[in-house]
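1. From the sequence below, what's the structure:
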Amino acid sequence: MDTLQNMRVFVRVVEAGSFTGAAQHLNTTTAYCSRAVSDLEAHLRTRLLNRTTRRIALTEAGERYLQRCEEILAYVDQAEAEASDAHARPSGKLKIHAMTSFGQHYVVPAVGRYQKRYPEVHVELTLAQRMPDLLDEGYDVSLTLATGLPDSGLVSQRLGSAFSIACASPAYLERNGIPQAPADLARHSCLQMVTPVFPSDEWIFDGPNGQESVFLGPATFQVNVAEAMAVAVREGMGVGLIPIYSAISGLRSGDLVWILPEYTSQEMNVYALYASRQYLDAKIRTWVEFMRDELPATLATDQAELRRFART
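-> Coordinates of the predicted model:
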């Protein structure tokens, strides 16, 4: 028995004053309405309506039950409206994960612009190097960088790509000279980034001669966050591979120098990951669409600007 539907029929019968009137309003039959009320009475083991051939009247129990039915159905209607509205209108809390340095440079500014467009969305952003379990940890969207994605059952949209470049400080290059080819790095102090994607003791460069590998000696410094690597390089501690979004401000200020400008390294795709395409909440849909529209242009602008800082 569909108790909720039978409640709706019962309320409509009382409002219409007859089974026939209720049936006309609900676009069904009089027999259906009569059976729905009878099923309720059988379920409750209580008479709700006194019936004659001419009219119906609520019993005392029916009056009390009617009041509760109206309250329950009002809550149900409100819940359904809120749920449907979530599909149509972006609002509520949007829980986002992003990789740390990438999130600082691209996601935080994007959130500000997104909220100007959708002010009823409240964003909870978590920056972390690891890829979270979206379902277990309750994230709506993850913005992650990877060379590829395993088959996880999640929906993914590729938003662009980013890569790293070899950088050093002007002071370090004055002391140690400027490497002219990847092989020259064997004679330099190379600072190592620890990531789950790339080996820290091997740098693979893409350049005019295809791929070239450099195997590094024992590390004098290791770190797992690009921002920290950029600081270490600015302090003259050695040469480091830095993602362009973490290197760009240092290149602008002159604190960093891009060496080996014909070479890039550690290219990764940027993905938006979320749980399902079906009945997608409006805040998730609009956030992914917003990033899909904005991020490629931002990445392209930074990569175009990068050419100004090439140094041989």
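2. tell me the domain boundaries of the protein?
-> Taking automatic domain parsing as the reference, the chain has its domains at 3-85, 92-161+269-303, 162-266.
3. what mean pLDDT does the first one have?
-> What that stands for is domain 3-85. When pLDDT is averaged over domain 3-85, the result is 85.
4. swap in the last one?
-> Along domain 162-266, the predicted local confidence has a mean pLDDT of 91.
5. Just name the most buried of the domains of the chain.
-> Scoring those by mean neighbour count under mean count of other C-beta atoms under 10 Å gives domain 162-266 as the most buried, with a mean of 18. In short, each C-beta sits where N, CA and C put it, glycine included.
6. Which of the domains of the chain sits closest to Ala310?
-> Between Ala310 and the domains of the chain, the shortest gap by C-beta to C-beta is with domain 162-266, which sits at 3.5 Å.
7. roughly how far is the helix or strand that Gln67 is a member of from the heart of the chain?
-> Using DSSP states H and E, the element containing Gln67 is helix 60-88. Relative to the centre of its chain, helix 60-88 is centred 33 Å away, using C-alpha atoms, centre = their mean, to the nearest Å.
8. Outside of the following helix or strand past it itself, list whatever touches it.
-> Proceeding N to C from helix 60-88, the next assigned helix or strand is strand 92-98, under DSSP H and E. If you take C-beta atoms under 8 Å, 6 or more residues apart in numbering as the criterion, strand 92-98 is touched by 86, 107, 111, 120-128, 132, 134, 137-144, 283-284, 287.
9. now do stretch 238-245
-> Stretch 238-245 has contacts (C-beta under 8 Å, 6+ apart) with 101-102, 105-106, 162-168, 172, 179, 185, 188-191, 193, 203, 220-221, 226, 229-230, 232-233, 250, 256, 259, 265-266, 302-303, 306.
10. I'd like the domains of the chain laid out as JSON lines, including distance to Ala310.
-> Output for those, formatted as JSON lines (distance: least, C-beta to C-beta, whole Å):
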{"stretch": "domain 3-85", "distance to Ala310": "52"}
{"stretch": "domain 92-161+269-303", "distance to Ala310": "12"}
{"stretch": "domain 162-266", "distance to Ala310": "3"}
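11. if we can go back for a sec, the contacts of strand 92-98 in strands, which ones?
-> 121-127, 141-144 (DSSP state E).
12. separation between the closest residue in space to Leu143 that isn't next to it in sequence and Val9?
-> Nearest residue to Leu143, sequence neighbours excluded (C-beta to C-beta, 6 or more residues apart in numbering): Ala98, at 4.2 Å. According to C-beta to C-beta, to the nearest Å, Ala98 and Val9 sit 50 Å apart.
13. Could you do Ala219 as well?
-> With the distance defined as C-beta to C-beta, Ala219 ends up 74 Å from Val9.
14. Ok, His122 next?
-> For His122, the distance to Val9 - C-beta to C-beta - is 40 Å.
15. Equivalent analysis for Leu154, please.
-> Applying C-beta to C-beta to Leu154 and Val9 gives a distance of 42 Å.
16. repeat for Pro196
-> Taking C-beta to C-beta, one finds Pro196 at 58 Å from Val9.
17. what do you get for Ile284?
-> Ile284 is 36 Å from Val9, by C-beta to C-beta.
18. ditto for Glu202
-> 72 Å.
19. and if you look at Val37?
-> 7 Å.
20. For the residue nearest to Asn224 when sequence neighbours are not counted, give me phi and psi.
-> With C-beta to C-beta, 6+ apart as the criterion, Asn224 has its nearest non-adjacent residue at 4.5 Å, and that residue is Val194. Dihedral pair for Val194: phi -90, psi 110, per degrees, to the nearest 10.
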